[in-house]
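[1] Pasting the sequence and the predicted model now:
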Amino acid sequence: MNRKSVLVAAATVIVTTAAVIVAIVGSSSDPKGASAPVGIGDAAPPFTMAGIDSHQVSLRSTHGSPTIVTFGASWCHPCREEYPRLQRAAMQHPELKILGVDEDDLPSAMRDFMRNVGASWPVGTDTVGSVRARYGVTGLPEIYFIARDGTIRGHIRGDLSTATLTTEVAKILQ
């Protein structure tokens with residue numbers, strides 16, 4: 001191949017890749033503006049996604065229950081500290097539901113991570129970032145505390161201490 005052929009081939013690959021990315025991102029956006037970040041008092045945006053264990057993970061499954069939605073990943077160091085705390089909270093409060101949203105991981109890596117930290121809640125893979133965008137997640141970990149009525153009562157970015165977890169769980173158990 002001559003230099004011109006190589007450049008044309010490279011340009012074709014770049015343009016095709018860009019078109020695929022635009023198609024994926026465009027198909028995950030919501031024309032109603034649901035991608036605006038949510039705040040305290042807002043209704044928790046619904047989601048359904050493929051789980052790391054091949055089951056669907058859906059916020060709808062927790063309807064009427066106090067719920068924690070945690071955004072994390074196997075490579076997230078603070079998640080290694082938080083997930084056992086979250087698991088203890090779930091064991092102390094059987095009505096409390098936890099759902100995980102995995103970012104930038106292979107399902108097998110997240111399954112291994114969950115097993116290693118002793119966490120047992122359902123985790124879905126947000127492959128195109130649509131759930132992350134709807135919640136306005138800017139980094140990992142981020143945790144949303146959702147009351148029985150489906151409204152967001154708490155939001156923590158970064159490390160979650162045991163004291164803060166206890167306070168936030170109390171708000172959604174009311």
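    Good, I have the coordinates.

[2] Now R134. Nearest residue, chain neighbours left out?
    P45 (4.1 Å; C-beta to C-beta, 6 or more residues apart in numbering). Backbone N, C-alpha and C define where each C-beta goes, glycine included.

[3] quick check, that neighbour in a strand?
    No. Judged by DSSP: H, G, I helix; E, B strand; the rest coil, P45 forms no part of a strand; its state is coil.

[4] Looking at the strand or helix carrying T164 now, give me its mean pLDDT.
    Assessed by DSSP states H and E, T164 sits inside helix 162-173. Across helix 162-173, pLDDT averages out at 97.

[5] and that helix, which residues are buried?
    L165, E168, V169, I172 (16 or more other C-beta atoms under 10 Å).

[6] With stretch 99-110 instead?
    L99, G100, V101, D102, E103, D105, P107, M110.

[7] Also stretch 52-61?
    I52, V57, S58, L59.

[8] Which two of these have the greatest separation?
    The span of the buried residues of stretch 52-61, defined through C-beta to C-beta, is set by I52 and L59 at 16.4 Å.

[9] Spell out the secondary structure type for the residue sitting nearest the centre point of the chain.
    Centroid-nearest residue in the chain, with C-alpha atoms, centre = their mean: V101, separated by 2.6 Å. At V101 the chain is in strand, as set by three-state DSSP.

[10] okay but it is in contact with T127, surely?
    No. When contacts are counted by C-beta atoms under 8 Å, V101 is not listed as touching T127 (10.8 Å).

[11] Overlap in contacts, those two.
    Between them, V101 and T127 share these contacting residues under C-beta atoms under 8 Å, 6 or more residues apart in numbering: M49.

[12] V101 versus I156, what's the distance?
    For I156, the distance to V101 (C-beta to C-beta, to the nearest Å) stands at 14 Å.

[13] ditto for P46
    13 Å.

[14] which residues of this protein fall in helices?
    Taking DSSP state H as the criterion, the chain carries its helices at 3-28, 77-92, 107-117, 130-135, 162-173.

[15] pLDDT of stretch 118-128, averaged?
    95.

[16] What are the contacting residues of that stretch?
    Contacts of stretch 118-128 (C-beta under 8 Å, 6+ apart): 24-25, 27-28, 47-53, 55-57, 61, 83-84, 86-87, 90, 97-103, 105, 107, 110, 114, 131-132.
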